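S.K.: Next one to model:
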Amino acid sequence: MPTDRVAVGAFAGAFGVKGDVRLKSFCADPASIAEYVPLYTEDGRRFDQIVLIGQGNNALIARVGGVTTKESADALKGQRLYAERANMPALPDDEYYYSDLIGLEVVDTGGNRLGRVKAVLNHGAGDILEVQGKPGGETILLPFTLAAVPTVDVGAGRIVADPPEGVLPGSGDEH
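M.R.: This is a model prediction of the structure:
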């Protein structure tokens, strides 16, 4: 995906039989996703209109321009939506768009490589960086706090981490 776009949500399938979609928003204010049109999928499909009509289980319910059947809504399931970075609000120095963090190299404070950010998770208690070490290897779940992640340098493509005790394999008390 071009770096001039930011992931703002994903389609979660059809809602009903008239082409309405379930939409997961990655925005701090979930409803603001509709303000960032046009939105694009990874394959380049463009959506110029998104009208929010309700809220369902963990998703917004929306009408999306060009989607008029249950089948066409279901075909979009799992596809991420991206907005033009120029349409997004500016962030303070200590805040980041999730999509800017994914793929960054993570090193510890001694310069040892820990892996790359695979995903940013949030289950309600704060953001967690999922760091993939070797391909197919274990992932590290790193709290995205100032104490555990003192340096984020998006321009250099690097995060410096100071993982809490027990986060790295073999670093905890293993009795």
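S.K.: gap between the two ends of stretch 80-96?
M.R.: 18 Å (Cα to Cα, to the nearest Å).
S.K.: So which bits of it are buried?
M.R.: Residues R80, L81, Y82, A83, M88, Y96 are the ones in stretch 80-96 that count as buried (16 or more other Cβ atoms under 10 Å). C-beta here means a position set from N, CA and C on the backbone, and glycine is covered the same way.
S.K.: hmm, which two among those residues are most spread apart?
M.R.: With Cβ to Cβ as the measure, no two of the buried residues of stretch 80-96 lie farther apart than L81 and Y96, at 18.5 Å.
S.K.: Where do the domain boundaries of the protein fall?
M.R.: 5-86, 98-161 (automatic domain parsing).
S.K.: Please tabulate the ones you listed in TSV, including the columns mean pLDDT and distance to V167.
M.R.: Listed next are the domains of the chain as TSV, based on pLDDT from 0 to 100; distance: least, Cβ to Cβ, whole Å:
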stretch	mean pLDDT	distance to V167
domain 5-86	92	25
domain 98-161	89	6
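S.K.: circling back: which of the buried residues of stretch 80-96 fall in strands?
M.R.: R80, L81, Y82, A83 (DSSP state E).
S.K.: from those residues, which single one is nearest N122?
M.R.: Distances from N122 to these, taken by Cβ to Cβ, are shortest for R80, at 16.1 Å.
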